[in-house]
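> fold the stuff below for me.
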Amino acid sequence: MQIPCPICGPRDLREFTYKGHDTYLRRPAPDAPPEAWNDYLHLRDNPAGATRDLWYHGAGCSAWLVVDRNTVTHQITGATLAREVQDAD
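The predicted structure is shown next:
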C-alpha cells in the first residue's frame, strides 16, 4: 500500500507511522475543563468507511500528514499536510 506524500510523492506504507484519527489536531484549550480533555484523549469514533488519519513520514520528509482512507477497503484516496488542515480549521 502506498501513501501519496504531498512532498515526496507516492511512498511505501512502511515509511510512515500511524498516529490516530485527525481529531488529535483539535486539542482543547489548556484551561479546558477535565471533561473536554477526557473526550479528546479517550473518545474516538471507529467508523466503517471513510476516515481521516494522522500519519508521520519519519523515514522520509518528517512531515505530518492527514490521510483520507477507507477502513473497509484500505483504499487511500488522498493526503494533505497536517499544518494545512490545521490552518483551514
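> which stretches of this protein form strands?
Secondary structure of the chain by DSSP state E: the strands cover 2-5, 9-12, 17-21, 50-56, 64-70, 76-81.
> just say which of the ones you listed is most tucked in.
strand 64-70 (a mean of 19; mean count of other C-beta atoms under 10 Å). Bear in mind the C-beta positions are built from the backbone N, C-alpha and C, glycine included.
> could you give the mean pLDDT of it?
Averaging pLDDT along strand 64-70 gives 96.
> direction included, what does that strand pair up with?
Strand 64-70 has the following strand partners under DSSP bridges: strand 50-56 (antiparallel), strand 76-81 (antiparallel).
> residues in contact with Asp12?
Listed by C-beta atoms under 8 Å, 6 or more residues apart in numbering, the contact set of Asp12 reads 1-2.
> ditto for Ala82
Counting by C-beta under 8 Å, 6+ apart, Ala82 has contacts 22, 25, 54, 63-66.
> ok, those vs Cys8, which is closest?
Ala63 (8.2 Å; C-beta to C-beta).
> and Trp55, what is it in contact with?
Contacts of Trp55 (C-beta under 8 Å, 6+ apart): 3, 16-19, 64-67, 79.
> over to His57?
3, 5, 7-8, 11, 15-16, 63-65 are the contacts of His57 under C-beta under 8 Å, 6+ apart.
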